[in-house]
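Student: here is my input, please return the structure:
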Amino acid sequence: MRLRMRRHHISMSCLFSFLISELLFVVRGSLAVLLMRSRISVVVWTELILRFIHGIRKSRLLLCHHVNRHLLCQFHTQFPLTIQSSYTLDMFKVPVHQVAGHQAIGGKLGPLVDDDGRFYKPLQSGERGSTEKAFYTSFSSNTSIPEDIRRFFPVFHGTQVLEASDGSGPCPHLVLQDIVSGHLSPSIMDIKMGANTWPPQSPEDYITRCLEKDRETTSINLGFRIEGFHIYRSEESDLWKPEKQFIKSFSAQDVRLVLKKFVSSNASPDLDLNPDCAFASIVYGGSTGILAQLRELKAWFEVQTIYRFYSCSVLMMHGKGGSGAAVKLVDFAHVVDGEGVIDHNFLGGLCSLIEFISKATQDEYPNKTCLKDSENNRSSSDNCTCE
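Tutor: Predicted coordinates:
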C-alpha cells in the first residue's frame, strides 16, 4: 500500500479531532503517516496507525495519551522510543527491594520490574531525563570502558514507552537490568556518594536545597551518606527497613554501627543490641567481597576522566546468609562530562566508604577476626590521597 506523506499546520487546540479524522481516512483505504509540529516520530505514528488498522480497540485512547505526553514532555522527543505491545500493568510489578528514591506506590510515579529480570525506570522530565539517557547510551557504546568495570553498572536495554504507574498514561522508561533479580532475601544499602551532590551550573535554588541536605546528613563530613537500606535477619520474613527520617539523622558513629548491622544476623533498631557481624567475612572480606569490589572501582576512578558522577549511589547487597555480595552504581541523572579531570568528589567519598567498612567491625571488637581474609588481601592503595 502506498504511503501518503502530508504535512499539516494546525493548532494544538484541534489536534485530537484532526487526528481522528485522519485515522478515519486511513480506514477508507489510504495509510497516512503524519509529520506534525509536535515532533512525534514517524516510527511512533506508523506503529499506532498499523495497530488501528489491525483492529486494536484501544488505539484512539493510546494515541490521545501519547499526544498529551508529548505536549507535556517534549524533552524526550529527541530520543527514538519503542512502543510496548501491551500497556496493561499486569505484566509489571512494584520492586519490593527498592530502598530509596521514588516508589510506585500510593498512585505515585515510580519504577517497575518484570519477571524477565528487567527494571523499568520512568525517564525524568527536563534535563535530568535527557542526561541519564545520554549517559547510558554513551557508557554502553564507549569501548574504552574496561569490561571488569562494566559489571558494576546496570545493563542498558534502551527505552520503552509503558503505561505509567501513576495512571497518567504512556510514559517513556529506561529499560535496565534488575540488579537484585535472582537474589534470595537480599539485604540492600543505598549510599549516595560525594561531599557535593549537585552538578556544576545547577540553579541557585537547587544548590541551596542540596547543600542543606548535605549539611544535615553525613555527606560533607564523610563524603557519603546512607540513603536507605533494608536488612533481612535470620528468618526470611524478618525484615528491618527504617524510615527515611531515621536514616537522615545518622551521625558518623551511626554509620559505623549500621555497616556492622548490615552483615549481622541480629540486625535491629535497638541501639543497645550489639551486632554479631556473622556475615562480615563473607560479605565484606575475601577476593570477591564488597571491599575488593570497591577497591576495583576506586582503581578505575583514580584514572578515569570521562565522567563526573554527581549524586550517584553505590548499591551494596548480599543474599541470605551473606551469599552473592555485590556492588552496583545507580542513578545517573546528574552525570557530566569529565573534561579530562579526575572525579575527586566521587573518589573522595569512595575512599572514605572503603575506610569505614574496613574499620566498622573492628572498632568495638579489636580481637574479632571477622575481616581477616579482607585484611590479608588489603592493598596499600587504601591510603587515599583524595583532595
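Student: need the strands for the stretch 51-200 of the chain, in chain order.
Tutor: Listed in chain order, the strands of the stretch 51-200 of the chain (DSSP state E, counting those that start in this stretch) span residues 82-83, 112-113, 118-122, 156-163, 170-177, 187-193.
Student: any chance of JSON lines for those strands, columns mean pLDDT and mean neighbour count?
Tutor: Yep, even glycine has a C-beta here, placed from its N, CA and C like the rest. Converted to JSON lines, these look like this (pLDDT from 0 to 100; neighbours: other CB atoms under 10 Å):
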{"stretch": "strand 82-83", "mean pLDDT": "41", "mean neighbour count": "16"}
{"stretch": "strand 112-113", "mean pLDDT": "85", "mean neighbour count": "22"}
{"stretch": "strand 118-122", "mean pLDDT": "90", "mean neighbour count": "22"}
{"stretch": "strand 156-163", "mean pLDDT": "91", "mean neighbour count": "19"}
{"stretch": "strand 170-177", "mean pLDDT": "91", "mean neighbour count": "21"}
{"stretch": "strand 187-193", "mean pLDDT": "95", "mean neighbour count": "24"}
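Student: could you export those as CSV, including distance to Arg150?
Tutor: CSV is the format used below for the strands of the stretch 51-200 of the chain (distance: least, CB to CB, whole Å):
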stretch, distance to Arg150
strand 82-83, 23
strand 112-113, 21
strand 118-122, 17
strand 156-163, 10
strand 170-177, 11
strand 187-193, 18
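Student: of all those, which one is nearest Thr288?
Tutor: For those, the distance to Thr288 is smallest for strand 187-193, at 16.8 Å, taking CB to CB.
Student: domains in the chain, by residue range?
Tutor: Under the assignment automatic domain parsing, the domains of the chain span 3-72, 89-177, 187-382.
Student: pick out the shakiest of the ones you listed, pLDDT-wise.
Tutor: Of all those, the minimum mean pLDDT falls on domain 3-72 (a mean of 38).
Student: dump the residue contacts of Leu211.
Tutor: For Leu211, the set of contacting residues under the criterion of CB atoms under 8 Å, 6 or more residues apart in numbering consists of Trp198.
Student: just to be sure, it is in a helix?
Tutor: Yes - applying DSSP: H, G, I helix; E, B strand; the rest coil, one finds Leu211 inside a helix.
Student: kindly provide the distance from it to Pro203.
Tutor: From Leu211 across to Pro203, the span is 13 Å (CB to CB, to the nearest Å).
Student: if I look at the residue nearest to Pro172 when sequence neighbours are not counted, how far off is Glu132?
Tutor: Nearest-residue entry for Pro172: Leu123, 4.4 Å, with adjacent residues in sequence omitted and distances by CB to CB, 6 or more residues apart in numbering. Using CB to CB, one gets 7 Å for the distance from Leu123 to Glu132.
Student: between the two, which contacts overlap?
Tutor: Jointly contacting Leu123 and Glu132 under the rule CB under 8 Å, 6+ apart are Leu174.
Student: out of the two, which sits in the more crowded spot?
Tutor: The residue with more neighbours, out of Leu123 and Glu132, is Leu123; 22 against 19, by other CB atoms under 10 Å.
Student: so what's that one up against?
Tutor: Residues in contact with Leu123 (CB under 8 Å, 6+ apart) are 76, 129, 132-133, 159, 171-174.
Student: helices or strands next to the helix or strand that Trp300 is a member of in the packing?
Tutor: With the criterion set as DSSP states H and E, the secondary-structure element containing Trp300 is helix 290-301. Contacting helix 290-301 under the criterion 3 or more CB pairs under 8 Å, 6 or more residues apart in numbering; DSSP states H and E are the following elements: helix 147-150, strand 313-318, strand 326-330, helix 344-360.
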